[in-house]
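Q: Starting from these lines, generate the structure:
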Amino acid sequence: MIDLNDWPIMARLILVMGAFIIGLPGPLILAFLVLGKDYDVARSGIRSNPFIESMKQVRREKSFKGRWMFICMLAGLVTFPKFALRRGMLDPDELKRFPSRLKIKLAVAAWLTLLGCVWIVVAYVLILLSEAR
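A: Numbers count the residues shown, from 1 in each chain. Reported below is the predicted structural model:
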């Protein structure tokens with residue numbers, strides 16, 4: 001079995017801190033997008049998705065929290081569009097017209113956040129397995 005107590009201290013620190021080093025830039029990128037000029041471009045970029053349109057209507061998006069939730073949903077939609085495209089909830093031409101720089105920023109933020117979360121789960125499981133011994 002895996003015993004983390006046998007690992008060097010630097011390896012244990014990398015295991016624990018790596019998740020935060022990889023995962024935190026994702027939400028920071030999204031926060032800069034929410035607070036910057038790119039938010040208005042992102043908001044007007046997708047109009048064919050009914051859920052995104054309803055979120056624009058329901059949330060007035062004056063608060064940081066509302067804007068944050070919207071940009072996170074949009075990052076997921078732009079990064080992983082296959083489900084929405086298959087169900088006809090997103091126009092493929094609209095996705096192609098979405099600004100490529102913004103699409104890259106959203107995708108990088110989504111992937112960094114996802115990788116950080118997976119890393120935390122793996123580190124947690126390794127710690128649990130080493131304590132079980």
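Q: Got the confidence number for the residue most central in space within the chain?
A: Nearest to the mean C-alpha position of the chain, by Cα atoms, centre = their mean, lies residue 110 at 2.6 Å. For residue 110, the model assigns a pLDDT of 96.
Q: wait, isn't it in contact with residue 76?
A: Yes. Here residue 110 reaches residue 76: they are 6.2 Å apart, a contact under Cβ atoms under 8 Å. Bear in mind the C-beta positions are built from the backbone N, C-alpha and C, glycine included.
Q: And the one helix or strand in the chain whose mean pLDDT sits lowest, what does it pack against?
A: Within the chain, confidence by mean pLDDT, DSSP states H and E is lowest for helix 50-58 among all helices and strands, at a mean of 75. Other helices and strands packing on helix 50-58, by 3 or more Cβ pairs under 8 Å, 6 or more residues apart in numbering; DSSP states H and E, are helix 64-79.
Q: Taking their axis directions, the lengthiest helix in the chain and helix 64-79 sit at what angle?
A: Looking across the chain with DSSP state H, the single longest helix is helix 100-132. Using axes from the mean of the first three to the mean of the last three Cα atoms, to 10 degrees, the direction of helix 100-132 lies 100 degrees away from that of helix 64-79.
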